[in-house]
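*Asks:* Predicted coordinates and the sequence they were generated for:
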Amino acid sequence: MTQPPPTPKSWGPSVLPDGRVRFRLWAPAEEKVALVACGWKILMQMGDDGWHTVETSLVQLGDTYHFRLSDGTDIPDPASHAQEDGVDGASILVHHDTHVWCNPDWRGRAWEEAVVYEMHVGTFTPEGTFRAAIDRLPHLYHMGITAIELMPVAHFAGRRGWGYDGVLHYAPHTAYGTPEDLKALIDAAHGHGIMVLLDVVYNHFGPVGNMLPRIAPAFFHPERHTPWGAALAFEREPVRRYFIENALHWLVDYRFDGLRFDATEQVIDDSERHMLIELAEAVRETLPHRPVHLVVEDQASRKSLLNRDGGTVHHYTAGWNDEFHHALHIIATGEGKGHYAPFADNAGTVLREAAAMGFVQADRTQDRIGPAPQDRLPPQVNVNFLHNHDQIGNRAFGERLSVLADPMLLNVMTALLLLAPPIPMLFMGEEYGEQQPFLFFADFEGELAHAVKQGRKAEAKKFGGMPKGKTAKDLPDPGAEDTFQRSKLDWSRLVSPDGRRQADFVRELIRLRREHVVPLLAAPGTARPHILPAEDGIFAVDWHFHTATLGIRANLGKQEKPWPEIGGETIFALSNGAAAGPSISVAIDRSQQ
C-alpha cells in the first residue's frame, strides 16, 4: 500500500526530514510555553497566531515529553500520539513510519461487501486488549464478517469506559495497548480480508483531562452548547485542523479503512464551507486510491452528506439508519415510551420506509451542509442494525434482544437485516446469541461519578423504562468494576448447542448475502425500491435493480395474514410451520435480464 508522503502537521509532533522533531501547541492564552523532555526545558517560540513551536533533535522515538505552562503547570500534548499512563501524564513520541506491516499490499474492500461488526475492545475478550482481539479474528472471518467497527479508543480519563468522552483524540487508550498493538490488530484483520473502521467523536471533549479550555478558550463556544458541554468553534482554523488531521492520523498512520462519526448533527458550523465537508474532501484528496469509508451517525438524516455524482462517493459513504432499529425494537418488545414514542403508533410504516429508502426523519429545510444529491441514493448508503452500543447499553439493565424478544421473531428480523440491500451491522456477540448484558460503565470519581450514576435513571426512562419489579436502587453502578466485568462477552456460549445453532444460522445468512445480494449492489446503477400495499404487520418491499428484483416478504406478527405475491427464485425462507406467527421469504427475480 502506497502511503502519502509525510507533511508537517499543525498539531502534535512531526518528524522532519533531517531527523529533528517539531512540536506545536496552540495556546493563545499562554504567554510562555516550554517543552520538557529528557531532562531538558526548551522555551517554545510563540507566533502572533497563538502557536508555540520548537524544533529539536534532543527528543527521540519512545521518549516522554510534556508542555510546561507559564505558572509551572505541566500538561500532556493535546495531540499526543501515546501516553505513558493516564490523560494527565506524560506524552510519548511515536514515529509511525517505523512499523513493519505484514500486509502492506492491502487495498481494502468495496463498501457493498460490508458486513459490519461493532466491537468494544475492552469487553470483546476477557483481557480487553488489542492483542487479545487478534485471537478472535478467525471466528469473525469464518462467520463472514468483512468489517470491524471499533468503538472509540481515543484516550479518556480512567481505565474503563465506552470511549465517547475522550480528551486525547490522537492517542489509543493505554488500557487497550500501545499504538503498535493497535496496528497489529488492524494488520491481522487485513490478513483475514477484514476491514477495520474506527468510531471517532468530533462533537465534544470528555469532562476530565481536557486542558484546551485553559490554554485555548477560543477552541470552544461558551454561548453554544451540545448535550455534553460547550460546542466547538469549528469556524477557527486551529480547531478545524485538529479534527481533520486527526481523521488523517487514523487513516494514514494506522491504515484504518474508514471512520464512523458520532452524532454529526452536533458538529455545528456556520462557515461557508462546513467542517464536515472540508474533512471528507481532505480525506478523499489525501487517499484517492484507497476505498476509504466514512460513515455518519446523523440524527438529522441529511442526504447532502451522502451526495453522489455518477455513483462516485464525494463525501460520506453511509449513515446509520436508526429508524430501522427503532421500528423493529418496538415490534419485538412492545416498548413504545421515551426514545421510541415517536414511532410507537406507526412502527410498521416506519419499518417499511426505513428499510426501503431510509431518511425517515429527513428535514430538507435543515439539510444545508452541502449540495442536494443529484442521483438516487443506493441502498448501501444506509447501515441497518438490530442492536448497537447505545440501544443496549442505555437500557436500565443492558438487555439484548436475545433475552427480550421471541426467538422465532428475532430470527426473522435477523434474516431481514442480513438479506435486505442496506449494509447490515451486528453488535459483538449477536452472531451467537450472547446473553450477557452490555451496560454503561465509566471510571470517574467524586461528584462526577455521582452525577453519572444519577443520569442513568433518566437514560433508563428513554430506553425501555424500568422492568417490572425493579427500582432505581437496582440499577447497576456505572463506576463499579463489576458493571464493566459483567459486560464482557461470554465466549463459552459460542460452543454451546444454542450458540452453535445461532452462529450457523447467521453464517448461512451472510453467505446468502455474499452470493446473491452483494452482486446486485455491485452492478452499475442503483435500486428503485417499491413498498407494496399490505396488511398491518406484513413487510413487503421489492428492490428493482438493473438486472434483477430482490423481494422480501415477512410476517412480524402473531396472526396469520397474507402477503403480496413474490416472484422469482426463493433464496431463503423461514417459518415455524404453524399457520400463524413470524415468517419470512426472500426471492430474486432475474426474468428482466
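*Replies:* Here it is on my side, so go on.
*Asks:* and Arg67, what element?
*Replies:* Rather than Arg, residue 67 is Phe. strand 64-68 (DSSP states H and E).
*Asks:* what comes up buried for that strand?
*Replies:* Going by neighbour count (16 or more other Cβ atoms under 10 Å), the buried part of strand 64-68 is 64-68. The C-beta positions use only the backbone N, C-alpha and C, and glycine is treated the same way.
*Asks:* got the residue ranges for the strands in the stretch 151-300 of the chain?
*Replies:* 154-156, 166-172, 195-200, 220-226, 229-232, 258-261, 293-296 (DSSP state E, counting those that start in this stretch).
*Asks:* Contacts for the first one next, please.
*Replies:* Applying Cβ atoms under 8 Å, 6 or more residues apart in numbering, the set of residues contacting strand 154-156 from outside is 80, 83, 87, 163, 165-174, 200-201, 206, 208-209.
*Asks:* and if you look at the fourth one?
*Replies:* Outside strand 220-226, the residues that touch it by Cβ under 8 Å, 6+ apart are 203-204, 212-213, 230-233, 263, 266, 268.
*Asks:* Which members of those occur in helices, if any?
*Replies:* If you go by DSSP state H, the contacts of strand 220-226 have 212-213 in helices.
*Asks:* Just the buried ones out of the contacts of strand 220-226, please.
*Replies:* Buried members of the contacts of strand 220-226, scored by 16+ other Cβ under 10 Å, are 203-204, 212, 230-233, 263, 266, 268.
*Asks:* Please convert those residues to TSV, extending it with distance to Ser301 and pLDDT.
*Replies:* Shown next, in TSV, are these (distance: Cβ to Cβ, whole Å; pLDDT from 0 to 100):
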residue	distance to Ser301	pLDDT
Asn203	17	96
His204	21	94
Leu212	31	97
Ala230	26	86
Ala231	21	92
Leu232	22	97
Ala233	26	96
Ala263	13	96
Gln266	14	94
Ile268	16	92
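*Asks:* just the CA coordinates of stretch 549-567, formatted as PDB?
*Replies:* Coordinates of the C-alpha atoms in stretch 549-567 are reproduced here as PDB (Å, rounded to 0.1, in the frame of the first residue of the first chain):
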ATOM      1  CA  THR A 549     -35.600  -7.700  -8.500                       C
ATOM      2  CA  LEU A 550     -35.000  -8.600  -4.900                       C
ATOM      3  CA  GLY A 551     -38.200  -9.200  -3.000                       C
ATOM      4  CA  ILE A 552     -38.700  -9.700   0.800                       C
ATOM      5  CA  ARG A 553     -42.000 -10.600   2.400                       C
ATOM      6  CA  ALA A 554     -42.200 -11.100   6.200                       C
ATOM      7  CA  ASN A 555     -44.900 -11.500   8.800                       C
ATOM      8  CA  LEU A 556     -43.800  -9.800  12.000                       C
ATOM      9  CA  GLY A 557     -47.000 -10.500  13.900                       C
ATOM     10  CA  LYS A 558     -48.500 -13.500  15.700                       C
ATOM     11  CA  GLN A 559     -51.600 -13.800  13.500                       C
ATOM     12  CA  GLU A 560     -51.800 -15.500  10.100                       C
ATOM     13  CA  LYS A 561     -52.000 -12.800   7.400                       C
ATOM     14  CA  PRO A 562     -51.500 -13.000   3.600                       C
ATOM     15  CA  TRP A 563     -48.700 -11.100   1.900                       C
ATOM     16  CA  PRO A 564     -48.300  -9.900  -1.700                       C
ATOM     17  CA  GLU A 565     -47.100 -12.400  -4.200                       C
ATOM     18  CA  ILE A 566     -43.400 -12.700  -4.500                       C
ATOM     19  CA  GLY A 567     -41.800 -13.800  -7.800                       C
END
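*Asks:* Would you pull up how far that stretch lies from the middle of the chain?
*Replies:* Its chain's C-alpha centre and that of stretch 549-567 lie 32 Å apart, by Cα atoms, centre = their mean, to the nearest Å.
*Asks:* Quick check: mean pLDDT of it?
*Replies:* Taken as a whole, stretch 549-567 has a mean pLDDT of 95.
*Asks:* from now on call the first residue 8
*Replies:* Fine by me, first position is 8 from now on; the one you just mentioned is stretch 556-574.
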